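Asker: How does the following fold in three dimensions:
(one chain, ligands or ions: 1)
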Amino acid sequence: MKNRLREIPKVDKITNSNYFDGCNKKLITKITKKQIENLRQKLIGGEIDKIDNDRLLHEIKKEYDEIFKPSLKPLINATGVILHTNMGRSLISEELFKKALPLISSYSNLEYNLKDGCRGERYEHVSSHFKNLLGVEDVLVVNNNASAVFLILNTFAKNKEVIVSRGELVEIGGSFRIPEVMSQSGAILREVGATNKTKPSDYENNINENTKILMKVHQSNFTIEGFSESVPYKKIKELSIQNGLLDYYDLGSGYIPVLPYNLGQKEPSLTEILKTNPSLISFSGDKLFGSVQAGIIAGKKELISKLKKNQLLRMLRVDKLTLSLLEETIKYYLKEEFEKIPTLDMLFTSIEELKKRALYIQDLIGKKYCKVIQSETIMGGGTLPNRKFPTIALWLEGKADILEREFRKNLIIGRIENDKFLLDFRSIQKKDEPLLIKTLQKVFS
Ligand SMILES: *Cc1c(COP(=O)(O)O)cnc(C)c1O
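Answerer: Numbers count the residues shown, from 1 in each chain. Here you go, the predicted structure:
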């Protein structure tokens, strides 16, 4: 064995090889030491009896290259689900990102008051635009809507009771659960009503001297059909005024323009909800609003300033990148340039337009391999639960699971429906079509 161990190459002899020209020496040395130690153990254990130097060089380079492969990769979302949480929810357009770029590559007045030359406030940059857009007294932005819920409950209801309907104790994907968030925040959950029915009297009968908030939570990803009843926000607001309580609506998602395909029928817009004059609402920046990940809290000025005094805000605060992307999105809203917000643009694209794009690709690939079909999709991301709307897809000839894997390998995620593999155009970006065509040609060649 001693003889065999003598064969182990010296570390610098390996790392000095011109095979590693252009690589970072420190990192190569670290990997080399680790791999040599592995080989030494294998020699001792008798698993191998000699070292193949060429192979060692190759293995070290492979491990080195692996480190620099990006882990986050752009995908083509051909599932048809526009707000796919697993694929990053809302998209930000290149045009919008370019507008925000100077702000993150230079110093800025993030917290600097240019007029008076003193310290300013980071939230003001978006709150004035939001006040314009929503007509609310004040706005605060935090990391995401989960943080918004947490901050509000912690600020106003620590050791106090918050009344929520049993039909609204939702779990959002990724283990966000209202009861759990509530207990973490220090608030005490007082659940009222039944799963399918909650009446105003359920709230009234449970108000006591320790009650602080009447809260409504949007049933983001499910619906209760049949024998069911819930209390409209207007009524909750009335009860909170009568009893000197705070009212808060966790909307989950908020939208502005009238939605197509009657999707807004059971889903009031932000404007409609704000007509009931809620004390506080919160919603995600990257659901239907179509911007960056953020939690937007809007409502009474005096309440927002209390939230700003909570030390927790420091932990939930947003970066300049978030604020600048959000500011530019709000400006699109103010100009009603909805088509510049990718989430809305995809949702509003007409069936005719989608069909034209799908037919063009079908012509290129050949009818023998794919057919254009009309189908249905959902919005996703915990918004518009169970609301289907029309879409156009390419149905590919062949075994669905094999095609799914093949396209996934090429970073294209499709959808399997009734044993058919579909590429749904509702969520495919126009700019990605050349790559999609190339992959289709490769697969069917
Ligand atoms: C999505 C959602 C949340 C969580 O929002 P994030 O922005 O994902 O943190 C909270 N409440 C409701 C009702 C939601 O739909």
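
Asker: Any residue of stretch 146-166 touching the ligand?
Answerer: Yes. Counting by CB under 6 Å from any ligand atom, contacts between stretch 146-166 and the ligand involve A146, V149. Heads up, the C-betas are built off the backbone N, CA and C, glycines and all.

Asker: For that stretch, output the C-alpha coordinates as PDB.
Answerer: Output of stretch 146-166 as PDB, limited to C-alpha atoms (Å, rounded to 0.1, in the frame of the first residue of the first chain):
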ATOM      1  CA  ALA A 146     -46.800  37.900   4.100                       C
ATOM      2  CA  SER A 147     -44.700  40.500   5.800                       C
ATOM      3  CA  ALA A 148     -47.500  43.000   5.400                       C
ATOM      4  CA  VAL A 149     -49.900  40.700   7.300                       C
ATOM      5  CA  PHE A 150     -47.300  40.100   9.900                       C
ATOM      6  CA  LEU A 151     -46.400  43.700  10.500                       C
ATOM      7  CA  ILE A 152     -50.000  44.800  10.800                       C
ATOM      8  CA  LEU A 153     -51.000  42.100  13.200                       C
ATOM      9  CA  ASN A 154     -47.900  42.600  15.300                       C
ATOM     10  CA  THR A 155     -48.300  46.400  15.400                       C
ATOM     11  CA  PHE A 156     -52.000  46.500  16.300                       C
ATOM     12  CA  ALA A 157     -53.000  43.200  17.800                       C
ATOM     13  CA  LYS A 158     -50.100  41.800  19.900                       C
ATOM     14  CA  ASN A 159     -51.800  39.900  22.700                       C
ATOM     15  CA  LYS A 160     -55.200  41.100  21.400                       C
ATOM     16  CA  GLU A 161     -57.900  39.200  19.600                       C
ATOM     17  CA  VAL A 162     -58.400  39.300  15.800                       C
ATOM     18  CA  ILE A 163     -61.700  38.000  14.500                       C
ATOM     19  CA  VAL A 164     -61.500  36.100  11.200                       C
ATOM     20  CA  SER A 165     -64.200  33.900   9.600                       C
ATOM     21  CA  ARG A 166     -63.500  30.100   9.600                       C
END
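
Asker: mind starting the numbering at 37 from now?
Answerer: Yes, from this point I'll number from 37; that puts the last item at stretch 182-202.

Asker: can you pull the buried residues of it?
Answerer: 182-193, 196-201 (16 or more other CB atoms under 10 Å).

Asker: Which of the three states applies to L472?
Answerer: Put simply, L472 is helix when judged by DSSP: H, G, I helix; E, B strand; the rest coil.

Asker: Nearest residue to it in space, please, no chain neighbours.
Answerer: The shortest distance from L472 to any non-neighbouring residue, by CB to CB, 6 or more residues apart in numbering, is to I112 (6.0 Å).

Asker: Can you pull the phi and psi angles for the one you found?
Answerer: Main-chain torsions, I112, degrees, to the nearest 10: phi -100, psi 120.

Asker: what's it in contact with, if anything?
Answerer: By CB atoms under 8 Å, 6 or more residues apart in numbering, the contact list for I112 reads L447, I448, I449, I464, Q465, D468, L471, L472.

Asker: Look up how far K235 lies from the last one.
Answerer: The reference is to L472. Taking CB to CB, to the nearest Å as the measure, L472 falls 52 Å from K235.

Asker: Compare the two and say which is more crowded by neighbours.
Answerer: Neighbours of L472 and K235, each counted by other CB atoms under 10 Å, are more numerous for L472; the result is 21 against 16.

Asker: how near is the closest residue to the ligand within the stretch 287-436 of the chain to L348?
Answerer: Across the stretch 287-436 of the chain, the shortest distance to the ligand (CB to the nearest ligand atom) belongs to G288, at 2.3 Å. As for G288, its distance to L348 is 21 Å (criterion: CB to CB).

Asker: Same check on V217?
Answerer: In this view, V217 and L348 are 13 Å apart by CB to CB.
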